[in-house]
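In: need coordinates for the following:
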Amino acid sequence: MDQLALLFVLMLGAVLSVPLGDRLRLPAPVLMTLLGAVLALLPFVPDVDVPPELILPLVLPPLLYATVQRTSWRQFTVNVRPILLLAVALVLVTTAAVAAVAHTVVPGLPVAAAVALGALVAPPDPVAATAVAGSVGLPRRLVSILEGEGLFNDVTAIVVYHVAVGAVVAGAFSWPGAGVELLLSAVVAVATGLVLGKAGGRLAVALDDPTLRTGLSLLLPFAAYALAEELHGSGVLAVLVTALAVSGYTLDADDVTGRLTGRTFWEIVDTLVTGVAFGLVGLELSAVVRLAEGREARMLGWGALVAATVVGVRLLWLLPATWLAKRLHRPGSSSSAEEIPMSWRETVVMWWSGMRGVASVALALAIPLTTDAGEGFPGRDEILFLAFCVIMATLVVQGLTLPWLVGRLGVRADSDAERRLERRLALRATSAARRRLDELRSAEELPDDLVERMRRLAFDLGARISPDMLDEERRAAYEQRARRMATAHRVQEEMLSAARHEVLAARAEPGADPEVVDRVLHQLDIRSLR
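Out: Next comes the predicted model:
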């Protein structure tokens, strides 16, 4: 098996892991990690040959861009305080704690190298956390916190990591210099993201073809990451800012085709890239295990201690941080919309959701082999081994047990609140449709029967979104009408299906122009979609 065949196997595994994970009630990223570990044990499977410096630029931009599309700028502004507590403060505290432990237990490990280890294991993986959280039905509030934490903690950790690695390579370290570098990195990233986001957003508006707009959305995160890194900024933060800036231009309510096309495309990208990334985590495991040859017991002990530090610091930080956030949370104030854990059970779930993944692997593999002095990077083998101990302990152990923990604690999505929001939105949508109908009736001479039919359509729109908006009698009438509409829809679908089969059969006939056939089929497909 060559590298290309291995990539296709991982992509196939990424597709199959989603339904398999749903059936087994296990997160797809965890299944892909286990698949990679199993493949690594097979003698005919080659070692992964991906340059470490390419892993972050190839994997992180599309995953981050897809994650940002599920949120909004308002969510970030409302949740600034929780995000800062988790994504900045917790990452720095975890980095310091891991560095102190590693420097103490690993003989000869310099402080700067220990800080690099701490930085690369400090950020929980946003992809793993949200994939796991979504599969077990957590409250949307907790999923939003995990997404916000995951997006911003990579920024903090990667900048600290680069500063620490640079100190080891150069043989010198300066705290003031590190602070200035951190600030400049953020400023450059934000400026790059805003410029590319606004330019990309205007270009997307100018492009009429949804296919072209979707292709542009694929290019933007890679361009933002590469340009920011070239200017010595944070590529991760640049991707985040770019995605948020673009969303302000592309939220066109009437762009139905573009929205459906883009959403489908990014769901495919998210599934494939996530699966391949976590499969690579498992594949790298065998190579890392070989680093401990002859001292397995001692290094496993170090790994267990570092992993316990990572997990323990998260709990010790979340308990007071959550208490403080709730104390500052005042109904009716500007902080009332903050999404924070509201009980100790939710805090425990937040703690156990802190899995490490792709970013940690990429940063560990990207550690240079030598310093500027030509000597080997001190403690590189130990750092790689300890990093993978943390990744496997958190990703596999926590990922496999999180569904059980959520079930035992009874933490579930607030379906009542979601239904109430759906009802409010259904009422607003119905009111907006009726207002527009009244405006058109005043401006044009519409037949009375058409107006009455459109009023029923507006009513049906809201009822379809939220049947709870109806009273008992009106709900019964709507359900009867909905059954008639469902029958009509089924009959129409059967008719359109017969039409599509006939047109497809014509494609194989002599003299049939495939382009013309496909154009007719496209029209039928659009009619079916409507």
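
In: who touches the closest residue to residue 354 other than its chain neighbours in this structure?
Out: Nearest non-adjacent residue to residue 354, counting by Cβ to Cβ, 6 or more residues apart in numbering: residue 124, 4.2 Å away. C-beta: built from backbone N, CA, C; applies to glycine. By Cβ atoms under 8 Å, 6 or more residues apart in numbering, the residues touching residue 124 are 146, 149-150, 153, 314, 353-356, 394.

In: same thing but 10 Å
Out: Residue 124 makes contacts with 86-87, 90-91, 94, 146, 149-150, 153-154, 157, 310, 314, 350, 353-357, 359-360, 394-395, 398, as judged by Cβ atoms under 10 Å, 6 or more residues apart in numbering.

In: mind checking the pLDDT average for stretch 4-17?
Out: What stretch 4-17 shows for mean pLDDT is 89.

In: so which bits of that stretch are buried?
Out: 6, 9-11, 13-14, 17 (16 or more other Cβ atoms under 10 Å).

In: helices - which of these land there?
Out: Counting by DSSP state H, those place 6, 9-11, 13-14, 17 in helices.

In: output the below-cut-off pLDDT ranges for the stretch 351-500 of the chain.
Out: Scanning the stretch 351-500 of the chain for pLDDT under 70 picks out 413-418, 464-478.

In: hmm, 90 instead?
Out: Residues of the stretch 351-500 of the chain that meet the criterion pLDDT under 90 lie in 351-382, 384, 388, 391-500.

In: tell me where it has helices.
Out: 358-365, 380-392, 399-409, 415-443, 448-465, 472-507 (DSSP state H, counting those that start in this stretch).

In: and residue 182, how close does it get to residue 240?
Out: Here the criterion is Cβ to Cβ, to the nearest Å. By it, residue 182 lies 16 Å from residue 240.

In: higher neighbour count, the two?
Out: Taking neighbours as other Cβ atoms under 10 Å, residue 182 and residue 240 compare with residue 240 leading, 27 against 17.

In: and the more buried one, what is it in contact with?
Out: Applying Cβ under 10 Å, 6+ apart to residue 240 gives the contacts 64-65, 67-68, 71, 76, 151-152, 154-155, 189-190, 193, 197, 221, 224, 234.

In: hmm, 7 Å instead?
Out: Neighbouring residues of residue 240 by Cβ atoms under 7 Å, 6 or more residues apart in numbering: 64, 68, 151, 193.

In: hang on, the third one packs against residue 67?
Out: Yes - counting by Cβ atoms under 7 Å, residue 151 touches residue 67, with 6.4 Å between them.

In: between those two, who's got more neighbours?
Out: Using other Cβ under 10 Å as the criterion, residue 151 and residue 67 rank with residue 151 on top: 24 against 21.

In: so for whichever helix or strand that one is part of, mean pLDDT?
Out: Using DSSP states H and E, the element containing residue 151 is helix 140-170. The average pLDDT for helix 140-170 rounds to 78.

In: so who does residue 344 touch?
Out: Residues near residue 344 by Cβ under 7 Å, 6+ apart: none.

In: let's see 10 Å
Out: Contacts were defined as Cβ under 10 Å, 6+ apart; by that measure residue 344 touches 319, 322-323, 409.

In: follow-up on the earlier one: any buried residues in the helix holding residue 151, and which?
Out: By 16+ other Cβ under 10 Å, the buried positions in helix 140-170 come out as 141-169.

In: for residue 154, which non-adjacent residue is closest in space?
Out: Using Cβ to Cβ, 6+ apart and skipping the chain neighbours, the partner closest in space to residue 154 is residue 236 (4.6 Å).

In: taking the centroid of this protein, which residue is nearest it?
Out: The chain has residue 67 as the residue nearest its centroid, 3.3 Å off, counting by Cα atoms, centre = their mean.

In: so how far is residue 265 from that residue?
Out: With distances taken as Cβ to Cβ, residue 67 is found 15 Å from residue 265.

In: that older thread, ok, which pair from the contacts of residue 240 is furthest apart?
Out: 151 and 193 (12.3 Å; Cβ to Cβ).

In: who touches both of the two?
Out: Shared contacts of residue 151 and residue 193 (Cβ under 10 Å, 6+ apart): 237, 239-240, 243.

In: any chance of a markdown table for these, columns distance to residue 445 and pLDDT?
Out: Converted to a markdown table, these look like this (distance: Cβ to Cβ, whole Å; pLDDT from 0 to 100):
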| residue | distance to residue 445 | pLDDT |
| --- | --- | --- |
| 237 | 56 | 85 |
| 239 | 53 | 89 |
| 240 | 52 | 85 |
| 243 | 47 | 87 |
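
In: what is the nearest of those to residue 102?
Out: residue 237 (26.6 Å).

In: OK, contacts around that closest one?
Out: Listed by Cβ under 10 Å, 6+ apart, the contact set of residue 237 reads 64, 151-152, 154-156, 158-159, 185-190, 192-193, 224-225, 228.

In: that one sits in which helix or strand?
Out: Using DSSP H and E, residue 237 sits in helix 235-250.

In: just the buried residues of that helix, please?
Out: The neighbour-count check on helix 235-250 (16+ other Cβ under 10 Å) flags 235-247, 249-250 as buried.

In: and the residue nearest to residue 499 when sequence neighbours are not counted, which helix or strand is it part of?
Out: Closest residue in space to residue 499, ignoring its immediate chain neighbours: residue 524 at 5.7 Å, by Cβ to Cβ, 6+ apart. Using DSSP H and E, residue 524 falls within helix 514-529.

In: now do that helix against helix 472-507, angle only.
Out: Interaxial angle, helix 514-529 versus helix 472-507 (axes from the mean of the first three to the mean of the last three Cα atoms, to 10 degrees): 170 degrees.

In: now do helix 514-529: distance to the chain's middle.
Out: Remark: helix 514-529 is offset 34 Å from the chain centroid, using Cα atoms, centre = their mean, to the nearest Å.

In: show me what it is packed against.
Out: Helices and strands touching helix 514-529, by 3 or more Cβ pairs under 10 Å, 6 or more residues apart in numbering; DSSP states H and E, are helix 256-290, helix 472-507.

In: picking that back up, wait, which of the contacts of residue 344 is closest to residue 514?
Out: Of all these, the one sitting nearest residue 514 is residue 409; the distance, using Cβ to Cβ, is 57.3 Å.

In: who's in contact with the closest one?
Out: Going by Cβ under 10 Å, 6+ apart, the list of residues near residue 409 reads 343-346, 348-349, 352.

In: if we use 6 Å, what do you get?
Out: The contact partners of residue 409, by Cβ atoms under 6 Å, 6 or more residues apart in numbering, come to residue 345.

In: sorry, back to before: report the angle between the helix holding residue 151 and helix 380-392.
Out: Interaxial angle, helix 140-170 versus helix 380-392 (the same axes, to 10 degrees): 180 degrees.

In: what mean pLDDT would you report for the following helix or strand past helix 140-170?
Out: Per DSSP H and E, the first helix or strand lying C-terminal to helix 140-170 is helix 175-206. Averaging pLDDT along helix 175-206 yields 84.

In: residues of helix 175-206 that come out buried?
Out: Buried residues in helix 175-206, defined by neighbour count with 16+ other Cβ under 10 Å: 178, 181-182, 185-186, 188-190, 192-193, 195-197, 199-201, 204.

In: low-confidence ranges, the stretch 1-150 of the chain, go.
Out: Those would be 1-7, 17-34, 36-91, 108, 110-112, 123-150, if you go by pLDDT under 90 across the stretch 1-150 of the chain.
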